[in-house]
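**Q** need a 3D model of the following:
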Amino acid sequence: MDQKHELLKQYFGYTDFREGQESIINELLNGRDALCIMPTGAGKSICYQIPALMLEGITLVVSPLISLMNDQVSLLTQVGVRAAYLNSSLTLGQYHRVLGNIANGQYKIVYVAPERLMTEEFLRLCRRIHISLVAVDEAHCVSQWGQDFRPSYLKILEFIESLDIRPTVGAFTATATQKIREDIVDILRLQEPFTITTGFDRPNLFFSVIRTKPKNAQLLKLMAERREKSGIIYCATRKKVEQVCALLCENGYAATRYHAGLSEQERRQNQADFVYDAKNVMVATNAFGMGIDKSNVSYVIHYNMPKNIESYYQEAGRAGRDGEEAECILMYGASDVHTNELLITHSAPNPELEEERQEAVRRLEYDRLKHMTFYCTTNDCLRGFILKYFGEKPKNYCGKCANCLTQYETIDATVPAQKILSCVIRAGQRYGRRMIADILLGRQNERLTYLGLDKLTTYGIMKDTSQKALHDMMTCLEEEGYLFTTGGEYPILKVAPSCTALLKGETTFTIKVPKEKQSSEEKKFRRPSKASEEYAVDQELFQQLKVLRRELADKARVPSYIIFSNITLNDMCRKRPTTVTEFLSVSGVGQQKLERYGEDFMSLIRRYQEEHGEE
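**A** Got it, this is the predicted structure:
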């Protein structure tokens, strides 16, 4: 066993690296910069933590959020790695104590907020010590075109270039389109980086879009099936967070809330309640979640549609970090589109961007919103839609999303598609979806009549079509590139050049529809099945192990998952370790965890076996 594998087992309790990890580690150890795109839960942190333990000097990890740093340092400390963080949560005395320990070589890994990099005191210290590696976590934050752009991330390059000896630089992120990847390389000036994308797929996640009204009633039905599980519910606005949290509390759920309108003290307390399992439901805006390493989140429900696929996949990816089956449910309503358009239109300008660049970013936001809407209305594989968005070529059927588990048939919709395109053209390509729909459906309203649109030959030619079916077909035409919507506060529907062949009948247009009407949305939404062999664990023993883990976590003042993940507890249930050698064979158990907690868990297992007459 080489040193990398020895450290992996000793500190992290694993015998094998996951896909891509060893390649990244080897390149960083050889002094080569790296850009790593790995999905949430794929083990990005090990890719720089193992080199940090092997290289001389220290590794600096630039991280955007206090909660992420706290979690990572707690995890490392638990397994015996000397680590610390530098951020605004430290008092002045604590801050100087950490700086002194860094100067004395007491740490191998130091997490630092980007705002701290260019402070005079920190810079002076960094010029005196040997920094072997700088790891940039959530590296997409460096791009002005990214969904989480943080101006403070632009200080990273300035910091690196201020050092007398340039360290190796590794950039890590879970969600980045090709444009963002190029930005990361250019802005951080990575030198001939080793670039790896291990894929965006999270096989343990089940995706579903629910299109029903009213949302509150639907949410309570979903929650009733998940009452004992830990989950996150995302809402678009602070007001909606308050309403949904109140709804859940009134119905007996242990829910808390998180949004930017709360005091810092309340946000910190509510987050701690969720992370430490005092409350098992978090209702939040997108202000919550980045850097939260809570591994036992078994579902993420979006009460409202997010603004873009990047944000959705990042937020949904907070479910199932422990590798267990988890659910990602999006509750879609047409009003969600309008809400997001308003949020984009009235968003505060970024002071770091010129007006022209600001407008370009806003146009990009509208385009991203369009793709997010397509996701919510498509009848194709939901997983495949996300993977294609990030540039992968997935299979047509994943078997683990609501669309793949609903039977569809393909029908010829060429004629209605021609009617829609013709109406947009005859109306002068000057109106939005609602007006075009009103014309086609033969509706009468004051503005339509005033403009003389009721005189068009396309007026009322689809009056026998439901409004929902019409809007769905418009979306399909947009998704296929025959129509497009301009950005702005008042989006306009226009035809693309590709529509000419369709209007002339030189090509056909098909859509997928359910073979039979679903009696309820729940029939379409099917929860993920669990492979019997993988999940065949003794639930009574598992619950006892969870209780012990909770007691040890309370004593150590850390979240339960920092002691052991659910995956590790499941493996204990299967292997029933009662000796040191057997306990070390459990996935996620290293030397430090054995010494800290081994006897407690082995004693419980021995006692359980005696009580149940097991050999």
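**Q** R166 looks like it's in a helix, true?
**A** No: applying DSSP: H, G, I helix; E, B strand; the rest coil, one finds R166 to be coil, outside a helix.
**Q** show the contacting residues for it.
**A** R166 makes contact with I160 under the criterion CB atoms under 8 Å, 6 or more residues apart in numbering. All C-beta spots, glycine's among them, are computed from the backbone N, C-alpha and C.
**Q** next one: V586
**A** By CB under 8 Å, 6+ apart, the contact set of V586 is 13, 568, 571-572, 575, 577.
**Q** so which of those residues is the closest to S587?
**A** Among those, D571 lies closest to S587 (CB to CB), at 4.7 Å.
**Q** and the helix or strand that that closest one is a member of, what does it pack onto?
**A** For D571, the element it lies in under DSSP states H and E is helix 566-575. The contact analysis (3 or more CB pairs under 8 Å, 6 or more residues apart in numbering; DSSP states H and E) places helix 566-575 against helix 539-556.
**Q** alpha carbons only: can I get the helix it packs on in PDB?
**A** Extracted in PDB, the C-alpha atoms of helix 539-556 (Å, rounded to 0.1, in the frame of the first residue of the first chain):
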ATOM      1  CA  GLN A 539     -33.100  -1.300  11.400                       C
ATOM      2  CA  GLU A 540     -33.300  -2.000  15.200                       C
ATOM      3  CA  LEU A 541     -29.500  -2.100  15.400                       C
ATOM      4  CA  PHE A 542     -29.200   0.900  13.100                       C
ATOM      5  CA  GLN A 543     -31.500   3.000  15.300                       C
ATOM      6  CA  GLN A 544     -29.400   2.100  18.400                       C
ATOM      7  CA  LEU A 545     -26.200   3.100  16.600                       C
ATOM      8  CA  LYS A 546     -27.800   6.400  15.700                       C
ATOM      9  CA  VAL A 547     -28.800   7.000  19.400                       C
ATOM     10  CA  LEU A 548     -25.200   6.300  20.500                       C
ATOM     11  CA  ARG A 549     -23.800   8.600  17.700                       C
ATOM     12  CA  ARG A 550     -26.100  11.400  18.900                       C
ATOM     13  CA  GLU A 551     -24.900  11.000  22.500                       C
ATOM     14  CA  LEU A 552     -21.300  11.100  21.400                       C
ATOM     15  CA  ALA A 553     -21.900  14.100  19.200                       C
ATOM     16  CA  ASP A 554     -23.600  16.000  22.000                       C
ATOM     17  CA  LYS A 555     -20.600  15.300  24.200                       C
ATOM     18  CA  ALA A 556     -18.100  16.400  21.600                       C
END
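**Q** going forward, begin numbering at 58 instead of 1
**A** Understood, numbering begins at 58; the last thing we discussed is helix 596-613.
**Q** could you list every helix and strand in contact with that helix?
**A** helix 617-620, helix 623-632, helix 648-668.
**Q** below-threshold pLDDT in the stretch 558-672 of the chain: ranges please.
**A** 572-593, 672 (pLDDT under 70).
**Q** tell me, how many residues neighbour E195?
**A** Applying other CB atoms under 10 Å, we find 24 residues neighbouring E195.
**Q** most surrounded residue in the contacts of V643?
**A** Among these, M629 has the most neighbours (other CB under 10 Å), with 26 neighbours.
**Q** from G318, how far out is it?
**A** M629 is 43 Å from G318, where distance means CB to CB, to the nearest Å.
**Q** can you map out the strands along the stretch 208-357 of the chain?
**A** 225-230, 251-254, 262-267, 287-291, 312-315, 338-341, 354-359 (DSSP state E, counting those that start in this stretch).
**Q** what's in contact with the fourth one?
**A** It stands for strand 287-291. Counting by CB under 8 Å, 6+ apart, 276, 301, 305, 331, 334, 337-343, 345-346, 351, 353-361, 363, 372, 375-376 sit against strand 287-291.
**Q** distance from the chain centre to it, please.
**A** Centroid separation for strand 287-291 versus its chain: 12 Å, with CA atoms, centre = their mean, to the nearest Å.
**Q** can you spell out the domain ranges of the chain, please?
**A** 60-254, 262-446, 465-572, 592-668 (automatic domain parsing).
**Q** how far off centre is the longest helix seen in the chain?
**A** Counting residues, the longest helix in the chain under DSSP state H turns out to be helix 412-434. Its chain's average C-alpha position is 18 Å from that of helix 412-434, according to CA atoms, centre = their mean.
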